[in-house]
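Undergrad: Here is my input, please return the structure:
(chains A, B and C)
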Amino acid sequence: MAIHSLERRSDPRVVCGLLASSVLKRLGHPGKDEDFAVFLRNLIRLLELYRFGTFSEHKHRGILQRGPLGANKSSDSFSSEAMSAVKDALEQAHKEVFGDQSSEYVANYLTGIFESLETGQHVEPDDLELARRFLEVLNVRIQAQIR
Amino acid sequence: MAALSRTQIVERLKRRNLVISPIFSSQQIGPCSVDLRLGNIALIVRARGLSHVDPANYLDDKASGEYRRELGRRQKLERHEIQFSEPLLVHPGTLILVPTLEWVKLPKDLQGIVTARSSWAREGLNIATATFVDPGYKGIVTLELSNLGQIPIALYPGVRIAQIAFHEVSGSRDSDLGRSQFNMSFEPSAGEIAKDDSSFIPTAQPKGVSR
Amino acid sequence: MLQAKEFLQEECKNVELSLKEALRYEYGRSRSKDFYDECTYRLQNLKRQIDASKASDLPELEEYSTLLSSLSALITRIERSHLGEFSWPFADSLELLARAVCQGVNGKDEKYGAPIFAISAEGGLEAYELHIEQGAVNFNFKRRIFNIVFPRTLKHHVLLHPILGHELGHAATTVPSMDDALSRMVLTRLEEGPLESEAKLTSWIDNTPTDSTKYTADMIEEMLYSWTEELFCDLFGLMLFGPSFVAAHYSLLSAIDPRGFDLGDEHPPNMTRFDMLLKAVEILGWQKVPKTGNAQLRVGVERFWKSLNHAPGAIPSWATICTTEQIQGALEGLKSILQPLGVAMYTPPAKDVLEHLVESLHNRIPPIGNSVKDDGVPELTDLDFRSILYAGWVEWHGQAQSVAESARMSFSDINRLCDRAILQQLAIDLWKKTGRTGTLGAD
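TA: Here you go, the predicted structure:
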């Protein structure tokens, strides 16, 4: 029997916070930082989830695997709760910074900025400022959700 | 006993009376032989964990036990699977069992004889023994490669390393083939060196033999 | 005693060592490098993050610990499985399908780029799995790593490997644009009838020959979500692999649960799944027996479908959970998503192709696209490996009609012939890709 009872799963809230804070630190002075490009890519991916509203974190067993009834549920509750928190934080950042714009607009707009930063292209100061504000609000909102 | 000519080989291949599959190029078919290519498995004979090759380890003997027998066989042969475009290095003095890429199916009236291609032989690559392929055989052909030179040789699955010529066997019947007509050979395999010779090979606990 | 941050810094060094040790073995050249490079990057990134963190950043340290542990587990799983433990020709062919379905819709939306498919083999019949890295939200992935797992003992049993088509359905749902399209166009069709609500599903369960009182409200909620996805994945596997998927699905699931009645919180009962797949095959018109004078082919196809179709009444009426109309709608949705993805969707082979493949197998020759014409000029043809698998199943059933039992090929032998064919067909593809034509002077 395992010494620790909790099945270990990544916490999307913590990851979201790390992404937001890591990119914020580097905005404005990216330099030749491979990590920055990778964080931006993962942020773009997060925006894809937001664009399509696909926040599922469901863990499945292999097609031939059988387990005791109810075994999947406890870890899934945690995942659903955590993913909901990420979605809420994104929505709040969206509302505060972009108002009534659609999630598709917000995702496209921010993806454009992050892709430009990823490839070292110039980004207009106004656009950069909007992106910064979005990440700041996202970071604050998600930190409030982390136990 | 005449070898089949190119015309005769092609005729039989077309009719699928003789199968060598796949053939990639008409140039693979020579005046009286067909080139064979290296397959994707190498069994490298290594002296790991065994002091010597002992036919006693191959006896189907309850006293010596299946564990000892299997250990004796498996430990000797290091098995590698090699993808296309990956090299197999044949070092000087090494013996490697490899399959052909081709699947060979012989009718009951043909025997195949496999020899090394002379171009590789000049580099030191040797097929250790001339391999006979029995009438009715179906499967890959196992080749025993060794490097007689002083420099390692890189081989790649798919390169032509051997050739097979065919001789007609007269008077052969299905009953001559026995069960072998249903067997297929998918893997290169070590020989059964103790087969039918158990009378002359002592076991670990000899029964009723006084010295 | 070590504090959390100290321990994690120590563990980073250990994981780095195990990653280097993994290079002792052969995994296939391109996979090995891609896997190594991705793991190395993630590890170095984690190390930098851990070094920069404060001992008081507890949620972050916990997250780094989880990520490091996952990376370590992944490396160890791959380290244990190298070439020789699974059929790499099948794995290579499967990877092409997997890449196709893990792009976004229309092949352009996946923001991570092509995933890395790491292959491993594990013990147990239930080993068939596709481990998807847990984490829809990640922070240090350059590429995602999917681990496809084959059962060690079934290395050469390529006729059973189509079951992994189901697992590729799960993989497809991890791409946001695909997940969205599949939800709108496929899953919504399945989410009708008993799968529309917990109350309806509860009522459906009450009609099954099972003790429905053991299912709590939580379990029913889980079932509602999971069963829809599992049924969708079955249809996905069917559209990817064709009839071979049905045969593999039936063979393997029946081995686990022969009666077919077990209700799991994740998987619906086998009878329900068989019922859906047989209806789907009927809709797709795949059960038609080809009009051919070749008795081996005709009988083989007839017997293949006969073996899968249950006698009337053998699938109990309670097992039906999706109507024919629902399944038709779901299949149409799937087609419209898979068709633009190139190789992804299964296409039935032409009659003469299937005839050639089945005849080759019947004569104990690996079924490939190769024959010799006049003057020794070979004909090399493209061949989808899924056609080889279907031919394998057809011959398995067909030989029972025309060959004495003592002379029949074993299931294992037919599988090995097909496995060999897939390898040889890869060689043909390689030859043709380099512009060779098989004519004189081309070698």
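Undergrad: Need phi/psi at residue C:380.
TA: Its backbone dihedrals place residue C:380 at phi -110, psi 120, with angles given as degrees, to the nearest 10.
Undergrad: so where's chain A shaky on pLDDT?
TA: Chain A contains residues with pLDDT under 70 at A:1-8, A:30-32, A:57-58, A:68-78, A:147.
Undergrad: Which residue does it have closest to chain B?
TA: Nearest residue of chain A to chain B (CB to the nearest CB) works out as residue A:62 at 24.8 Å. To be clear about C-beta, it is placed using only N, CA and C from the backbone, and glycine gets the same treatment.
Undergrad: If you drop the residues flanking it in sequence, what lies closest to that residue?
TA: Once flanking residues are discounted, residue A:62 sits nearest to residue C:129: 3.3 Å by CB to CB, 6 or more residues apart in numbering or on different chains.
Undergrad: Closest residue of chain A to chain C?
TA: Each residue of chain A has a distance to chain C, by CB to the nearest CB, and the smallest belongs to residue A:62, at 3.3 Å.
Undergrad: Just to check, that residue is in contact with residue C:149?
TA: Yes - counting by CB atoms under 8 Å, residue C:149 is a contact partner of residue A:62 at 7.5 Å.
Undergrad: Show me whatever sits in contact with both of those two.
TA: Taking CB atoms under 8 Å, 6 or more residues apart in numbering or on different chains as the contact rule, the neighbours common to residue A:62 and residue C:149 are C:127, C:128, C:129, C:130.
Undergrad: what ranges do the strands span in chain B?
TA: Assigned strands in chain B, in chain order: B:19-21, B:34-37, B:41-45, B:77-81, B:88-90, B:95-99, B:103-105, B:110-116, B:125-127, B:131-133, B:138-139, B:142-147, B:153-155, B:160-168 (criterion: DSSP state E).
Undergrad: partners of the fifth one in the sheet?
TA: The strands beside strand B:88-90 in its sheet (DSSP bridges) come out as strand B:153-155 (antiparallel).
Undergrad: any chance of the strands of chain B in JSON lines, with mean neighbour count and mean pLDDT too?
TA: As requested, the strands of chain B are exported to JSON lines (neighbours: other CB atoms under 10 Å in any protein chain shown; pLDDT from 0 to 100):
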{"stretch": "strand B:19-21", "mean neighbour count": "23", "mean pLDDT": "97"}
{"stretch": "strand B:34-37", "mean neighbour count": "23", "mean pLDDT": "96"}
{"stretch": "strand B:41-45", "mean neighbour count": "21", "mean pLDDT": "91"}
{"stretch": "strand B:77-81", "mean neighbour count": "16", "mean pLDDT": "88"}
{"stretch": "strand B:88-90", "mean neighbour count": "19", "mean pLDDT": "93"}
{"stretch": "strand B:95-99", "mean neighbour count": "23", "mean pLDDT": "93"}
{"stretch": "strand B:103-105", "mean neighbour count": "23", "mean pLDDT": "97"}
{"stretch": "strand B:110-116", "mean neighbour count": "19", "mean pLDDT": "93"}
{"stretch": "strand B:125-127", "mean neighbour count": "19", "mean pLDDT": "88"}
{"stretch": "strand B:131-133", "mean neighbour count": "17", "mean pLDDT": "87"}
{"stretch": "strand B:138-139", "mean neighbour count": "20", "mean pLDDT": "96"}
{"stretch": "strand B:142-147", "mean neighbour count": "21", "mean pLDDT": "92"}
{"stretch": "strand B:153-155", "mean neighbour count": "16", "mean pLDDT": "94"}
{"stretch": "strand B:160-168", "mean neighbour count": "20", "mean pLDDT": "95"}
